[in-house]
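Student: All I have is the shape, not the residue letters:
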Ligand SMILES: C[S@@+](CC[C@H](N)C(=O)[O-])C[C@H]1O[C@@H](n2cnc3c(N)ncnc32)[C@H](O)[C@@H]1O
């Protein structure tokens, strides 16, 4: 049984607004199909809403109207959650695994998300019609190795918004060579959801020169 809407109802309403029923529907679909499809571990089901959905949605205010690429979307975290919370932003979900791509496309259709396309590719092989304004990723790889996959997808002045765990600052410290090589500036770790969510969300933000 998922903790759907049983925790943090105020913050959920703030983050999703009128889209809250869509976020609920996505969470229900993930709760009922995610384990069988290998998208989510059984231990995560009881905390799907609080630990996964809300922790992704709290990033939504960092996005600007424009085109966002989500690298390694997997179950749709954070890409689908952010697309639900921000219908004013266009998203391209980049995911190489066929079964996950099928899930993502099914959800885009079932939830009638007009602002999402799914691109079956690895980030390093993806063909884009135009570069992204922002790139998101969660649980794909360490910042040092994520930079070469994500920074080349951005337009000049574009921004990385990478969800990270408690070791985020250590990942930044270990990435100094890649930060220089890919001309990243304004690299910072920010903590979101303090005093609001059960689990805070850490984000590495950086701009491409
Ligand atoms: C651990 S899962 C995380 C999925 C999701 N972001 C989440 O937070 O639940 C990592 C995902 O990254 C994808 N992935 C791995 N290497 C990738 C690459 N080079 N380009 C794009 N996606 C990649 C995998 O297929 C997988 O779906």
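Tutor: Received the coordinates, thanks. Keep in mind that this is a model prediction, so the values were computed, not measured. Numbers count the residues shown, from 1 in each chain.

Student: what comes up buried for stretch 145-153?
Tutor: 146-147, 149-151, 153 (16 or more other C-beta atoms under 10 Å). From N, CA and C alone the C-beta is placed, and that goes for glycine too.

Student: Let's see which of these end up in helices.
Tutor: 146-147, 149-150 (DSSP state H).

Student: For the residues you listed, work out which two are farthest apart.
Tutor: For these, the farthest-apart pair by C-beta to C-beta is 147 and 149; their separation is 7.3 Å.

Student: Can you name the residues of this structure sitting close to the ligand?
Tutor: Residues of the chain lying close to the ligand (C-beta under 6 Å from any ligand atom) are 71-75, 77, 94-97, 100, 122-124, 138-140, 149.

Student: Return the members of those residues classed as buried.
Tutor: Applying 16+ other C-beta under 10 Å to the residues of the chain next to the ligand flags 71-75, 77, 94-95, 100, 123, 138, 140, 149 as buried.

Student: okay if I get the buried residues of stretch 145-153 as JSON lines plus distance to residue 63 and pLDDT?
Tutor: Formatted as JSON lines, the buried residues of stretch 145-153 follow (distance: C-beta to C-beta, whole Å; pLDDT from 0 to 100):
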{"residue": "146", "distance to residue 63": "18", "pLDDT": "98"}
{"residue": "147", "distance to residue 63": "20", "pLDDT": "98"}
{"residue": "149", "distance to residue 63": "19", "pLDDT": "98"}
{"residue": "150", "distance to residue 63": "15", "pLDDT": "98"}
{"residue": "151", "distance to residue 63": "18", "pLDDT": "98"}
{"residue": "153", "distance to residue 63": "15", "pLDDT": "98"}
